[in-house]
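J.: here is a sequence together with a model predicted from it:
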Amino acid sequence: MIGYVTLGTADLARSTAFYDSLLAEIGASRLLTSERFVVWAVDAARPGLGVILPYDGRPATVGNGNMVALAVDSPAKVDALHAKAMALGATDEGAPAPRSESFYAGYFRDLGGNKLNFFFMG
């Protein structure tokens, strides 16, 4: 059902560099690029993630309670991606760990304060 998710940014170049490096780890690359936004995806038929300068010209803000969850294929991949996000300057919002019997996740905030996680179910 989800086609793509966008996160507001005040610094498109900085956000693009962060996500180019982080999302390459899961095989995602730029799908769409413009002066106002960049969208990454593993392939065009699957959901994408983008960063965007707000259309209304007002400052980008972080929604309290909003989060983007990105599925990966193993707990080890969650660990590696969370560590990569931290190395790229993200802020820890919950170290990788089991959250239930079949759900493993690591939470972080990107350079603009947006909350995301990588998770594995299985």
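T.: Received the coordinates, thanks.

J.: all strands in the chain, in order from the N-terminus.
T.: 4-8, 29-33, 37-41, 48-52, 68-71, 91-100, 103-109, 115-121 (DSSP state E).

J.: just the angle between the longest one and strand 115-121, please?
T.: Between the axis of strand 91-100 and that of strand 115-121 there is an angle of 30 degrees, by axes from the mean of the first three to the mean of the last three C-alpha atoms, to 10 degrees.

J.: so which elements touch strand 91-100?
T.: Counting contacts by 3 or more C-beta pairs under 8 Å, 6 or more residues apart in numbering; DSSP states H and E, strand 91-100 is packed against helix 75-87, strand 103-109, strand 115-121. Yep, even glycine has a C-beta here, placed from its N, CA and C like the rest.

J.: same thing but 7 Å
T.: helix 75-87, strand 103-109 (3 or more C-beta pairs under 7 Å, 6 or more residues apart in numbering; DSSP states H and E).

J.: what of the fourth one?
T.: Of the remaining helices and strands, those touching strand 48-52 by 3+ C-beta pairs under 7 Å, 6+ apart are strand 4-8, helix 12-24, strand 37-41.
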